[in-house]
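**Student:** Build me a structure from this.
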Amino acid sequence: MNSTATNIRNLRQQIPNSVRIVAVSKSKPVSAIMEAYNEGQRLFGENRVQELLQKKDQLPADIEWHLIGHLQTNKVRQLVPFVSMIQSVDSRRLLRVINAEASKITRIVNCLIQIYIADEKTKYGFTMEEAVEMLGSEEFRSMQSVRICGVMGMATFTDDTEQIRREFRFLADCYKQIKSRFFADDHSFRDISMGMSGDYKIAIGEGSTMVRIGSLIFGSRNR
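**Tutor:** Here you go, the predicted model:
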């Protein structure tokens, strides 16, 4: 079995420099994260706030932590002082709480709007219509402590590559529509986070700027 460092080197040879790799370190020990770090990886993604909190103080301060899993509003306060990006903003209520907690510490938190693109009820996210309604609202325009940097989506867990391709293409189209309508002159709005270990090549083909890779870097999950 290849080492984490070897896996990262191999992955970088296959992924364009314009696409950022989020190393999904969920359930992985600090030692594995440090191996990736020593290979130059700085961007890591965690699904759970509690696990992220346990790891971050044991690891170098220049790591960029992204929260990529479903975020409960009662966990937001613990996250906003240090998180580099919350990719999984899946409701207006959650964005409202992030803004409120960030404003208390005079910090602006980078966020992605999670769009529901899968044919699975277990996935979270805004519909495109809900996202447009929220972004066009007076409430959103008054939020000074969040910065929307793009969109995120999770494709259906299926072997049907054409379905996955359609879902990623839909997300890229959502990005383009939201960009032109609300963020045309905002250079911060630039990310389409889509693609994981099993489908990242399809995602990159459809315009992904950020892929979330776990098992191809760290091996299969420990739990």
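**Student:** For Asn7, which non-adjacent residue is closest in space?
**Tutor:** What sits nearest to Asn7 in space, not counting adjacent residues and going by Cβ to Cβ, 6 or more residues apart in numbering, is Ile217, at 5.0 Å. Where C-beta positions appear, they are placed from N, C-alpha and C, glycine not excepted.
**Student:** from what I can see the one you found touches Thr4, true?
**Tutor:** Yes: if you go by Cβ atoms under 8 Å, Ile217 and Thr4 touch, sitting 6.1 Å apart.
**Student:** Could you tell me which residues touch both of these two?
**Tutor:** Ala36 (Cβ atoms under 8 Å, 6 or more residues apart in numbering).
**Student:** More neighbours: which of the two?
**Tutor:** Taking neighbours as other Cβ atoms under 10 Å, Ile217 and Thr4 compare with Ile217 leading, 27 against 22.
**Student:** Find the helix or strand that the more buried one is a member of.
**Tutor:** helix 215-218 (DSSP states H and E).
**Student:** Same check on Ile33?
**Tutor:** Going by DSSP H and E, Ile33 is part of helix 30-38.
**Student:** by contact count, what packs against the helix or strand following that helix?
**Tutor:** Next along the chain after helix 30-38, taking DSSP H and E as the criterion, comes strand 43-46. Applying 3 or more Cβ pairs under 8 Å, 6 or more residues apart in numbering; DSSP states H and E, we find strand 43-46 packed against strand 20-24, strand 64-67.
**Student:** Output the longest helix belonging to this protein.
**Tutor:** Ordering each helix of the chain by length in residues (DSSP state H) puts helix 161-182 first.
**Student:** Quick check: buried residues in that one?
**Tutor:** 164-168, 170-172, 174-175, 178-179, 182 (16 or more other Cβ atoms under 10 Å).
**Student:** with the residues you listed in mind, which one is nearest to Ile108?
**Tutor:** Nearest to Ile108, judged by Cβ to Cβ, of those is Phe182 at 17.1 Å.
**Student:** you'd agree the closest one is up against Gly136?
**Tutor:** Yes: if you go by Cβ under 8 Å, Phe182 and Gly136 touch, sitting 7.2 Å apart.
**Student:** what's near enough to touch the spatially most central residue of the chain?
**Tutor:** Nearest to the mean C-alpha position of the chain, by Cα atoms, centre = their mean, lies Gln87 at 3.5 Å. By Cβ under 8 Å, 6+ apart, Gln87 lies in contact with Gly45, His66, Leu67, Ile68, Cys111, Leu112, Gln114, Met152, Ser193, Arg212.
**Student:** Could you pull out the helices in the protein for me?
**Tutor:** Assignment of helices within the chain using DSSP H yields the ranges 4-14, 30-38, 49-56, 76-79, 92-104, 128-135, 138-141, 161-182, 200-205, 215-218.
**Student:** Out of these, which is the most enclosed?
**Tutor:** Among the helices of the chain, the stretch with the highest mean neighbour count (mean count of other Cβ atoms under 10 Å) is helix 215-218, at a mean of 21.
**Student:** Which other helices and strands does that one contact?
**Tutor:** helix 4-14, strand 20-24, helix 30-38.
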